[in-house]
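1. Model the following, please.
(one chain, ligands or ions: 2)
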Amino acid sequence: MNLHEYQSKRRFDKYNIPVPRGDIASTPEEARQIARELGGSVVVKAQVLVGGRGKAGGVKLAQNADEAEELARQILGMSIKGHIVHKVLIDPAANIVNEIYLGITNDRQTGCAVMMSSSEGGVEIEQVAHENPNAIIREQIGPSLGLRDYQARNIANAINLPREHWAAFTAIAQALYRCYTDSDATLAEINPLVITGDGTLLALDGKMIIDDNALFRQKELAEMRDTSAEPEAERIARKAGLTYVKLPGQIGCMVNGAGLAMTTMDMIKLYGGEGIGPANFLDIGGGAQADRVAAALRIILSDPNVKAILFNIFGGITRGDEVAHGILQALDEVKTDLPMIIRLAGTNSEEGLEIIREANLSNIHSAATLTEGAKKAIAAARGEL
Ligand code: GDP
Ligand code: MN
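-> Ligands and ions are numbered 1, 2, ... in the order given. Just a heads-up that it's a prediction; the model follows:
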């Protein structure tokens, strides 16, 4: 789950990371009011869950409250990379001397958190990693030790931070790490962390990604979820207890188990070549009860790109014949003419396939292996089955 900039910065503030003391507005009038209270020039910032707002015209400087209102009017309702702006953040404008990047993420290779920093702040870190990888400094953080003072100083030194800022930088880096772990985040990022004209450090932008699997114990953060920014299908899926991620391909995937779902997507990609790919990641969980299959089917069918559906179900504790009944019952509830390829494996898979064959539905095809299933689904998506 992504937090908005203003939510991330409020979180940072709780850890005493210096942030601008702005506020959030949903209307141009509110923006004017906030700007008037702040006094002086302000920056009007689109709150959308996507990076590069600055370049897209979503971050603008206003000299006074009138201008802030005018800019808010322009930015509210704007679409940035497909995300509609519903709120703007009005922050006092900062006098920027230098922009730094500071972030923490999970490093799967070393199995611990890693702090990353770069003197090239304000630019997206992926771009820096691509164009100038040596500019990114990394420090692994041991889970039992946390970020040590010397590590923060190593970073400060490596990014050529003037020595008078080292103490403040160390405090910010350690606070960011605490914020990251306390929040069960997979990313906590300040970009840019700026040196201001007054010689202080200030977190101008904030981004946090919270691990969805930890939201059960992060109630306060869970409530911050902005569902207006998510594809509707993902929202419905979450309610139904399904893990669904929409993808741009044509083949709907109905799979039990996350690993099997990944493999199914890989196989579609492998045989689909250019132009044909999976329409979604979907894990319907163990077994394949009719109501879950039906819910999943509705979600897959809501995507107009879908041209064929590949069922890849492994019968373990749930037997293949039960799965087959579940699928047929779901197809009875949710009618569709789209070609469906069903591959059943595991316990009682033969019985299961027999049940499906007997149902004699013209748009249903069975597959003995995943390879065959993937190839048939691709042919079906091309209208060649
Ligand atoms: P992003 O483009 O979505 O990452 O949004 P940011 O909040 O990082 O803003 C983009 C850029 O706008 C920053 O790197 C700064 O250069 C500039 N910017 C943001 N806030 C201010 C401000 O208060 N004053 C000035 N002068 N520039 C700002
Ligand atoms: Mn930024």
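
2. Any figure for the gap between the nearest residue to Arg217 once chain neighbours are set aside and ligand 1?
-> Among residues not flanking Arg217 along the chain, Asp184 sits closest, at 7.4 Å (C-beta to C-beta, 6 or more residues apart in numbering). C-beta here means a position set from N, CA and C on the backbone, and glycine is covered the same way. Separation of Asp184 from ligand 1 (C-beta to the nearest ligand atom, to the nearest Å): 23 Å.

3. domains for the protein, by residue range?
-> 21-92, 96-222, 230-381 (automatic domain parsing).

4. and of these, who's closest to Met1?
-> Closest to Met1 of the domains of the chain, according to C-beta to C-beta: domain 96-222, at 4.7 Å.

5. Straight-line length of the closest one, end to end?
-> Length of domain 96-222, first residue to last, C-alpha to C-alpha, to the nearest Å: 33 Å.

6. give the contact list for the residue in the stretch 101-250 of the chain positioned nearest to ligand 2.
-> Using C-beta to the ion, Asp205 is the residue of the stretch 101-250 of the chain that sits closest to ligand 2, at 3.6 Å. Residues near Asp205 by C-beta atoms under 8 Å, 6 or more residues apart in numbering: 5, 9, 190-192.

7. if we go to 7 Å?
-> 5, 190-192 (C-beta atoms under 7 Å, 6 or more residues apart in numbering).

8. How about the contacts made by the residue nearest to Arg217?
-> By C-beta under 7 Å, 6+ apart, Asp184 lies in contact with 210-211, 214, 218.

9. any idea how far the nearest residue to Phe281 once chain neighbours are set aside lies from Ala381?
-> Here the nearest residue to Phe281 in space, its sequence neighbours aside, is Val245; by C-beta to C-beta, 6+ apart that works out to 4.2 Å. Applying C-beta to C-beta, to the nearest Å, the value for Val245 to Ala381 is 19 Å.

10. The two: which has the busier surroundings?
-> Taking other C-beta atoms under 10 Å, Val245 and Ala381 do not tie; Ala381 has more neighbours (27 against 15).

11. coming back round to it: I'd like to know which elements the one helix or strand the residue nearest to Phe281 maps to is packed against.
-> Assigned by DSSP states H and E, Val245 belongs to strand 243-246. In terms of contacts (3 or more C-beta pairs under 7 Å, 6 or more residues apart in numbering; DSSP states H and E), strand 243-246 is packed against helix 232-239, strand 280-283.

12. Show me what counts as buried in the longest one.
-> Within helix 232-239, the residues that count as buried by 16 or more other C-beta atoms under 10 Å are 233-234, 237.

13. pLDDT below threshold where in this protein?
-> Where the chain drops to pLDDT under 70, the residues are 287-288.

14. Which other helices and strands does the longest helix along it contact?
-> Longest helix in the chain, counting residues (DSSP state H): helix 166-182. Identification of packing neighbours for helix 166-182 by 3+ C-beta pairs under 7 Å, 6+ apart yields strand 96-107, strand 112-118, helix 149-158, strand 185-196, strand 201-203.

15. now the first one and strand 185-196, what's the angle there?
-> When axes from the mean of the first three to the mean of the last three C-alpha atoms, to 10 degrees is applied, the directions of strand 96-107 and strand 185-196 differ by 170 degrees.

16. go on, the second one?
-> Taking the same axes, to 10 degrees, strand 112-118 and strand 185-196 form an angle of 30 degrees between their directions.
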